[in-house]
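[1] Just need the structure, nothing else, for what follows:
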Amino acid sequence: MKLILSRKAFDSGAGKVANPILDDGTLVPLPIPDKQSPIRYQDITVAGQNLGMLASELTNGRTRADHFAHLDPDLIESAHPREPGWRPIFGQVDAAQSVLAREQVGPGDLFLFFGWFRRATAAGGRFRYVPGAPDMHVMWGWLQIDQVIPVDGGEQPDWMSYHPHVASPRGRSNTIYVARDKLSLAGHDLDLPGAGVFDQYDDGLRLTKQSSSRSVWSLPGWFSPEGSRPPLGYHSDAGRWRPDGERVDLQSAARGQEFVLDTRSYPEAVPWLTDLLQPR
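    Numbers count the residues shown, from 1 in each chain. Take a look at the predicted model:
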């Protein structure tokens, strides 16, 4: 099985502000803006919050409620009206898809989605970021692949027609990843959905090291690419890795979306994932 740490939701380039962690600890990943999408921010609801209102307030109006949103990965059934047969779905294209294709990512492999988060609070009748709250990379969702579907202009299922990678033209190698119904790790079926989101923040989801810039991660020590083990994608430079007791610090790559780890060389990944994906 391949594990893909996949950078998604608002970031410094698209959206330009952090995704909010609300007062009750709820993680709200904000889709990036996309003029080609048929869906507007005001059409999406996550954890009882209208994303049009939330995005507008947190960006000081730069992203309006009626702006179009790239709802991808799309993991929450209640976020938007659905056609019968809907399943969680993720699309990729161009250079990032080339990485996934080169690594032969396919059925059974697991995406862990992460993004830039910061605490926000409802103050003075609107949402604002908490002054002094740290900027963090946080894991916010997952998708285990059931099907890989090239989008080549052919007919796709009706339930998929809303998705931005299906509804409008994209770049090279436009590809859809459809989720499994149930998770299966190392041949063991788990009583957990094949895709979903972590509803509440806790420190187990945090990648960023305490009191560090968000690009400096603290990972379990087994992530370290010792000996002949192939490293996490984009992180082959040994200077990026620094042991820290039972953990390892990683200067994460500023560029790139899809960081692939082949768990055949990292058997410790399976118990780590099994624990991480349990309801929190």
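
[2] can you name the farthest residue from the center of the protein?
    residue 124 (30.7 Å; C-alpha atoms, centre = their mean).

[3] So that one versus residue 24, what's the distance?
    Applying C-beta to C-beta, to the nearest Å, the value for residue 124 to residue 24 is 18 Å. In this view, the C-beta of every residue, glycine as well, is placed from N, C-alpha and C.

[4] what do you get for residue 162?
    Remark: distance between residue 162 and residue 24 (C-beta to C-beta) = 29 Å.

[5] Which one of the two is surrounded by more residues?
    Shown here are residue 162 and residue 24; by other C-beta atoms under 10 Å, residue 162 has more neighbours (20 against 9).

[6] any idea which element the more buried one lies in?
    With secondary structure defined by DSSP states H and E, residue 162 is part of neither a helix nor a strand.

[7] Could I get the pLDDT score of it?
    In this model, residue 162 is scored at 96, pLDDT.

[8] quick one: it and residue 80 touch, right?
    Yes. The pair residue 162 / residue 80 is scored as a contact, 7.3 Å apart, by C-beta atoms under 8 Å.

[9] what's the overlap in contacts for the two?
    Overlap of the contact sets of residue 162 and residue 80 (by C-beta atoms under 8 Å, 6 or more residues apart in numbering) consists of residue 39.

[10] partners of the spatially most central residue of the chain in the sheet?
    Per C-alpha atoms, centre = their mean, the C-alpha nearest to the average position across the chain is that of residue 113, at 2.2 Å. Residues in a beta bridge with residue 113, per DSSP bridges, are residue 6, residue 141.

[11] show me what contacts it?
    Applying C-beta under 8 Å, 6+ apart, we find residue 113 in contact with 6, 7, 8, 9, 29, 73, 75, 139, 140, 141, 142, 143.

[12] Identify all contacting residues around stretch 220-234.
    For stretch 220-234, the surrounding residues in contact (C-beta under 8 Å, 6+ apart) are 5, 99, 103, 235-236, 238, 241, 243, 245-248, 250, 253, 255-256, 258-262, 265-266, 268-269, 272.

[13] what about 7 Å?
    Stretch 220-234 is contacted from outside by 99, 241, 243, 246-248, 253, 256, 258-262, 265-266, 268, 272, using C-beta atoms under 7 Å, 6 or more residues apart in numbering.

[14] Below-threshold pLDDT in this protein: ranges please.
    Counting by pLDDT under 70, not a single residue of the chain qualifies.

[15] Run a quick neighbour tally on residue 60.
    Residue 60 sits with 10 neighbouring residues when counted by other C-beta under 10 Å.

[16] Show me the helices in the protein, by range?
    51-58, 94-102, 164-167, 269-276 (DSSP state H).

[17] Show me what the last one is packed up against.
    Based on contacts counted as 3 or more C-beta pairs under 7 Å, 6 or more residues apart in numbering; DSSP states H and E, the elements that helix 269-276 packs against are strand 182-185.
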